[in-house]
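Chemist: Predicted model and sequence below, questions to follow.
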Amino acid sequence: MPKRFCVTGTCIPEKNYMIDISGRIDQIIRDYIEKGQYFTINRARQYGKTTTLYLLERRLREEYIVLSLSFEAADEYFESMGSLAEGLVMDISECLKAQNVDGTIIGEWNRPLSERFPMRSLGIKISSLCKTCGKKIILMIDEVDKSSDNQIFLSFLGLLREKYLKWQQGKDETFQSVILAGVYDVKTLKLKLHPQEEMKYNSPWNIAVDFQMDMSFDCEDIESMLKEYESEHRTGMHVQDIARIIYDYTSGYPYLVSRICQIIDERIAGIKEFGNVSSAWTKEGVLAAIKILLKEPNTLFDDMTKKLLDYPQLQEMLQNILFGGIDFPFKRETPMVDLGVTFGFLKDKNGIVAVSNRIFETQLYEVFSAERAINNKIFEVAG
């Protein structure tokens, strides 16, 4: 089947046009995995986290045993210590089978956990597995912040931390590296343990190093994807110019880059204004695709709306930036600035807080303007 641009789920190099991130995968392995680091890949929604984990797993399997899990649909795991431990044993067992680990090792791994001390029993299993497996083991968990406001989750992180510290001291065997992926940084996440308790900023994930890699796409990244497309479709597009225009509007936000290309490929080419694929891959075609993107419902904009409703102070800050021309100093220590950066809405522009890209700026401006117009009409009618 011919390749397509992908904006849902994992991008597969053999099936999708995508940015070549092999250099970044090499860097993650060199700077983090080989050094035995534990870390969190925390980036905004639809920022390429799952695809990065998938490609990282493909590469790591050449040398390591990779336990690739996800908490996306694992709510029932967090009902008790026992259910989490049993769920992890079950999922890891499937990973071991998929990588043809010796049946005796898998059989030992699947032995029943202690009912009274399930988490401690899980820790013993991990040590035994790492001693007998013959290869170093990597644990990676996607969508890890789905249940990160849970005391049981904290206990699991505490187990990983304890084993890591003993491993550093030569007293235990454990995973070579642990990678947690989600929107929030688990190390500094605001955790609500019980309804009666105050919100706390404590996490045993303070053993993790900061993950500094830039996961946005630059112009050269976008060019590499367009060159692959051009080699197959022969549109005659000026790749460098088109890449620059797309970057100017998206600032390299992965979902926005891919969605614009997908709209040009699947919806712009062939319509009345753009009679063929060659005329679609022009500046006019890119701008037409952006108009469609801004009008269509999509999960990224839906999530943006939800976040603004959940955090009215962040919404007020964005309105002050867009309508009031107010400059806020860029300090990640400021909670609302940090939250805006975490969600991908804000960036540092010469020390001042700015909206992260022109598409978000336009979308937010239109949403706020529509709300103001509706509120004014309601006020007029009420008056």
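Modeler: In hand now; what should we look at? Residues are numbered from 1 along each chain as shown.
Chemist: How is this protein divided into domains?
Modeler: 20-207, 219-295, 299-382 (automatic domain parsing).
Chemist: Of all the ones you listed, which one is nearest E14?
Modeler: domain 20-207 (10.9 Å; C-beta to C-beta). No exception for glycine: its C-beta is placed from N, CA and C like everyone else's.
Chemist: That closest one: how far from the chain's middle?
Modeler: 16 Å (C-alpha atoms, centre = their mean, to the nearest Å).
Chemist: how long is it from one end to the other?
Modeler: Terminal residues of domain 20-207 lie 31 Å apart, using C-alpha to C-alpha, to the nearest Å.
Chemist: Could you give me the buried positions within stretch 281-299?
Modeler: W281, T282, G285, V286, A288, A289, I290, L293, N298 (16 or more other C-beta atoms under 10 Å).
Chemist: brain fart, stretch 297-314
Modeler: For stretch 297-314, by 16+ other C-beta under 10 Å, it's N298, L300, F301, D303, M304, K307, L308, Y311, L314.
Chemist: and the fourth one, what element?
Modeler: Same thing as D303. Assigned by DSSP states H and E, D303 belongs to helix 299-310.
Chemist: Mind exporting the C-alpha coordinates of that helix to PDB?
Modeler: Only the C-alpha atoms of helix 299-310 are listed here, as PDB (Å, rounded to 0.1, in the frame of the first residue of the first chain):
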ATOM      1  CA  THR A 299      -8.500  16.200  19.100                       C
ATOM      2  CA  LEU A 300      -5.700  18.700  19.600                       C
ATOM      3  CA  PHE A 301      -8.000  21.700  19.600                       C
ATOM      4  CA  ASP A 302     -10.600  19.800  21.700                       C
ATOM      5  CA  ASP A 303      -8.000  19.200  24.300                       C
ATOM      6  CA  MET A 304      -6.900  22.800  24.200                       C
ATOM      7  CA  THR A 305     -10.500  23.900  24.900                       C
ATOM      8  CA  LYS A 306     -10.700  21.500  27.800                       C
ATOM      9  CA  LYS A 307      -7.500  22.600  29.300                       C
ATOM     10  CA  LEU A 308      -8.600  26.300  29.200                       C
ATOM     11  CA  LEU A 309     -11.800  25.400  31.000                       C
ATOM     12  CA  ASP A 310      -9.900  23.400  33.600                       C
END
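Chemist: which residues sit against the helix or strand just after it?
Modeler: Using DSSP H and E, the helix or strand that follows helix 299-310 in sequence is helix 312-323. The contact list for helix 312-323 (C-beta atoms under 8 Å, 6 or more residues apart in numbering) reads 307-309, 326, 328, 336-337, 339-340, 343, 345, 353-355, 361, 364-365, 368.
Chemist: now helix 312-323 against helix 299-310, angle please.
Modeler: 110 degrees (axes from the mean of the first three to the mean of the last three C-alpha atoms, to 10 degrees).
Chemist: Can you list the helices and strands that the helix or strand harbouring E220 packs against?
Modeler: Under the criterion of DSSP H and E, E220 resides in helix 219-233. With contacts taken as 3 or more C-beta pairs under 8 Å, 6 or more residues apart in numbering; DSSP states H and E, helix 219-233 sits against strand 16-17, helix 239-250, helix 254-263.
Chemist: and with 7 Å instead?
Modeler: Counting contacts by 3 or more C-beta pairs under 7 Å, 6 or more residues apart in numbering; DSSP states H and E, helix 219-233 packs against strand 16-17, helix 239-250.
Chemist: In ChimeraX, how would I select just the buried ones from the contacts of helix 312-323?
Modeler: In ChimeraX, this line selects whichever of the contacts of helix 312-323 come out buried by 16+ other C-beta under 10 Å:
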select :307,308,328,336,337,339,340,343,345,353,354,355,361,364,368
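Chemist: before we move on, the earlier item: need the max-distance pair from the buried residues of stretch 281-299.
Modeler: Going by C-beta to C-beta, the pair spanning these furthest: T282 and N298, at 23.6 Å.
Chemist: just the strands in the stretch 1-150 of the chain please.
Modeler: 4-5, 16-17, 38-42, 65-70, 137-142 (DSSP state E, counting those that start in this stretch).
Chemist: Could you dump those strands into a markdown table and include mean pLDDT?
Modeler: Converted to a markdown table, these look like this (pLDDT from 0 to 100):
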| stretch | mean pLDDT |
| --- | --- |
| strand 4-5 | 96 |
| strand 16-17 | 97 |
| strand 38-42 | 95 |
| strand 65-70 | 97 |
| strand 137-142 | 97 |
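Chemist: Throw these into CSV and include distance to L318 and mean neighbour count, thanks.
Modeler: Converted to CSV, the strands of the stretch 1-150 of the chain look like this (distance: least, C-beta to C-beta, whole Å; neighbours: other C-beta atoms under 10 Å):
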stretch, distance to L318, mean neighbour count
strand 4-5, 29, 16
strand 16-17, 32, 20
strand 38-42, 21, 23
strand 65-70, 31, 21
strand 137-142, 29, 22
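Chemist: Indicate which one of the ones you listed is closest to K187.
Modeler: Closest among the strands of the stretch 1-150 of the chain, using C-beta to C-beta: strand 38-42, at 6.4 Å.
Chemist: Please name every helix or strand in contact with that closest one.
Modeler: Using 3+ C-beta pairs under 7 Å, 6+ apart, strand 38-42 sits against strand 177-182.
Chemist: For the strand it packs on, name the packing helices and strands.
Modeler: strand 38-42, strand 137-142.
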